[in-house]
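>>> Generate a structure from the sequence data that follows.
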Amino acid sequence: MRSVNHKAAADTAQPVDAVNGSAKAQAPVLTARGVGKDFIDAGNTLTVLDDVDLDIHAGEMVAIMGASGSGKSTLLHILGLLDRPTRGRILVRGQPTQTISEQALSELRNQHFGFVYQFHHLLAEFNALDNVAMPLIIRGESRSQARQAADELLHQVGLGQRSTHFPNQLSGGERQRVAIARALVTRPSCVLADEPTGNLDAETAQEVFEVLQAMNEQLQTAFLLVTHDRALANRAAHQYVMHQGALAPL
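All right, here's what the predicted structure looks like:
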């Protein structure tokens, strides 16, 4: 089953050239075309993703729902260049990725994507400011520049006064907001969030989702959310459901 795209787009995104220099600028941030993923289990082929098509544009918030085992996390990993599909194509801002090296994939991933997971994965030995600054420090920026950028993001997610606190001094919702700031500090094209509110109570989940929405609107960063929470998914501009490896709009 092939999903229906929420935006009409050409099947092949074109790079910039001398004739139509705006083509790449208009390309989706992230494109999947005919993406499939198979695993071999005891000699049998298990199809986890089946012919998935998806376009995500700058500034959009897209939510994917589905039962456990439907293929949501596998799709997220492939879209985030953490895994390769068995077939089909992933394009990042119009650039095909199926034949490039692992190093080139890593560079694209670090340049264009931020990740948020159900558990915050903050480093316990660093305070909130240094946790957020870490991706920039790893990238090679000076500590002072990285910390300045991190401080700005912490203020944007409402934690400017908590920057010197360590993870064990923060609430669950605060830790997840630090994780969101960390995902955004490199100014990625798209943030991929796997159950970002799944470990929070309903009220805190609502607060964290409002932070995601605010960052989506303020920074025009695309967000792709995998969630079991239908109420939260309904607040995204575009909603999809995964069923037996196929993706379809809600």
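
>>> Tell me where this structure is predicted with low confidence.
Where the chain drops to pLDDT under 70, the residues are 1-26.

>>> tell me the centre residue of it?
The C-alpha lying nearest the average C-alpha coordinate of the chain belongs to Leu192 (Cα atoms, centre = their mean; 1.2 Å).

>>> Helix or strand for that one, just tell me which one.
Leu192 is located in strand 190-194, with elements delineated by DSSP states H and E.

>>> do Ala63 as well
Using DSSP H and E, the element containing Ala63 is strand 61-66.

>>> Could you do Asp38 as well?
Asp38 is part of strand 30-41, with elements assigned from DSSP H and E.

>>> and that strand, what does it pack onto?
Under the contact definition 3 or more Cβ pairs under 8 Å, 6 or more residues apart in numbering; DSSP states H and E, strand 30-41 sits against strand 44-56, helix 72-79, strand 87-92. Backbone N, C-alpha and C define where each C-beta goes, glycine included.

>>> Is it correct that Arg177 falls within a helix?
Yes - per DSSP: H, G, I helix; E, B strand; the rest coil, Arg177 lies within a helix segment.

>>> Grab the nearest non-local neighbour of it.
Val157 (4.5 Å; Cβ to Cβ, 6 or more residues apart in numbering).

>>> Next: Val191.
Gly114 (4.3 Å).

>>> Give the phi and psi angles for the residue in the chain sticking out farthest from the centre, as a check.
Distance to the chain centre peaks in the chain at Gly43, reaching 32.9 Å (criterion: Cα atoms, centre = their mean). The phi/psi pair for Gly43 (degrees, to the nearest 10) reads phi 80, psi -10.

>>> Quick one: the strands in this protein, in order.
For the chain, the strands defined by DSSP state E cover 30-41, 44-56, 61-66, 87-92, 95-96, 113-116, 190-194, 222-226, 238-243, 246-249.

>>> As a markdown table, those with distance to Leu153 would be great.
Converted to a markdown table, these look like this (distance: least, Cβ to Cβ, whole Å):
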| stretch | distance to Leu153 |
| --- | --- |
| strand 30-41 | 22 |
| strand 44-56 | 22 |
| strand 61-66 | 18 |
| strand 87-92 | 23 |
| strand 95-96 | 27 |
| strand 113-116 | 11 |
| strand 190-194 | 12 |
| strand 222-226 | 15 |
| strand 238-243 | 25 |
| strand 246-249 | 31 |
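
>>> how about those, which one is nearest Ser171?
Shortest separation from Ser171 across the strands of the chain is recorded for strand 113-116, at 16.6 Å, computed as Cβ to Cβ.

>>> what are the pairing partners of that closest one, and which direction each?
strand 190-194 (parallel) (DSSP bridges).

>>> Distance from the chain centre to the partner strand, please.
2 Å (Cα atoms, centre = their mean, to the nearest Å).

>>> Please point out which parts of stretch 153-162 sit buried.
Within stretch 153-162, the residues that count as buried by 16 or more other Cβ atoms under 10 Å are Leu153, Leu154, Gln156, Val157, Gly158, Leu159, Arg162.

>>> ok, Leu81 touching Thr97?
Yes - counting by Cβ atoms under 8 Å, Leu81 does reach Thr97; the two are 6.3 Å apart.

>>> Give me the common contacts of those two.
Taking Cβ atoms under 8 Å, 6 or more residues apart in numbering as the contact criterion, the common neighbours of Leu81 and Thr97 are Ile90, Leu105, Leu108.

>>> ok, and the most crowded of these?
Ile90 (22 neighbours; other Cβ atoms under 10 Å).

>>> ok, it - contacts?
Shown in contact with Ile90 (Cβ under 8 Å, 6+ apart): Leu30, Thr31, Ala32, Val35, Ile78, Leu79, Leu81, Pro96, Thr97, Gln98.

>>> ok, and for the longest helix seen in the chain, which residues are buried?
As assigned by DSSP state H, the longest helix anywhere in the chain is helix 202-219. Neighbour-count burial for helix 202-219, counted by 16+ other Cβ under 10 Å, picks out Thr204, Ala205, Gln206, Glu207, Val208, Phe209, Val211, Leu212, Gln213, Met215, Asn216, Leu219.
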